[in-house]
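Student: Fold the stuff below for me.
(one chain, ligands or ions: 1)
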Amino acid sequence: MIIAVDGPTASGKGTISKELAKHFDLPFLDTGLLYRAVGWTLREQRGNADNPDDAVKACAFEGALLDEPGLRSEAVGGLASRVSVHPEVRRALDKRQKDFAYQPAGAVLDGRDIGTVIAPDADVKLFVTASSEARAVRRFEEMKRRGEKVNFDDILADILKRDERDRSRVTAPLKPAEDADLLDTTDLTIGDAVQQAIALVNAKI
Ligand code: C5P
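Tutor: Reported below is the predicted structural model:
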């Protein structure tokens, strides 16, 4: 069974995907980490994220980099969003994601284009959304908990900018697959969102 989970940043898709993988005993891949690893490597190489040649050079990162906690920072997320615009970068990361998706054990993948590009014939496709305000509140609380200095308006502006970039890019833009089930988590606790996601998967299998 392949479960594709797509959606914008801070929609809850990461937690939902991890819990689905646990519940259905499937291997899990957070594909955002691959783009983040490219952003991280590019920064180390002092490359320009908007230059496709620099960005593609940064795709040759070691697998161990995916365990680097710094990949989760906002700054690296912003770089990931910029490098992910380049078709060359998406192509360089394509095989790794498809191999993971189509392994015999099945898989859960979370990202932006899993249901549309990486695994268009996935058994279950979820598109997880939430209002930009709700997502900014979640990100704000999460960063505050980590003890980071935070400003709500900056976070909201950053989310809107990232959404716009992810939705408007020409190659593999963020959008629901035609046959995706939508899950709006704006007014749900994360526990309820996970339960609804499990119910949506059960209804498909
Ligand atoms: O999900 P996460 O915030 O870790 O992703 C970081 C960035 O990587 C996103 O803003 C998006 O631009 C890009 N991304 C992508 N396709 C994916 C996963 C992430 O373009 N499948």
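Student: What number of residues are in the vicinity of the residue nearest to residue 170 when sequence neighbours are not counted?
Tutor: Leaving aside its sequence neighbours, residue 170 sits nearest to residue 87 (C-beta to C-beta, 6 or more residues apart in numbering; 7.7 Å). Heads up, the C-betas are built off the backbone N, CA and C, glycines and all. For residue 87, the count of nearby residues is 13 (other C-beta atoms under 10 Å).
Student: Please determine how far residue 87 is located from the ligand.
Tutor: 11 Å (C-beta to the nearest ligand atom, to the nearest Å).
Student: wouldn't that residue be in contact with residue 171 here?
Tutor: Yes - the criterion here is C-beta atoms under 8 Å, and residue 87 meets it with residue 171 at 4.3 Å.
Student: Provide the secondary structure category for residue 153.
Tutor: Here residue 153 takes the helix state, with states given by DSSP: H, G, I helix; E, B strand; the rest coil.
Student: Begin at 443, not 1, for the rest of this chat.
Tutor: Okay, using 443 as the starting number, the last item reads as residue 595.
Student: do you know how far it is from residue 577?
Tutor: Going from residue 595 to residue 577 by C-beta to C-beta, to the nearest Å gives 14 Å.
Student: Those two - which one has more neighbours?
Tutor: residue 577 (24 against 9).
Student: In contact with the more buried one, which residues?
Tutor: 450-453, 601 (C-beta atoms under 8 Å, 6 or more residues apart in numbering).
Student: Which two of those have the greatest separation?
Tutor: 453 and 601 (10.2 Å; C-beta to C-beta).
Student: which bits of this structure sit near the ligand?
Tutor: Counting by C-beta under 6 Å from any ligand atom, the residues of the chain lying close to the ligand are 451, 473-474, 477-478, 519, 522-523, 526, 553-555, 604, 608.
Student: And the furthest pair within those?
Tutor: Between any two of the residues of the chain next to the ligand (C-beta to C-beta), the greatest distance is 16.7 Å, for 519 and 555.
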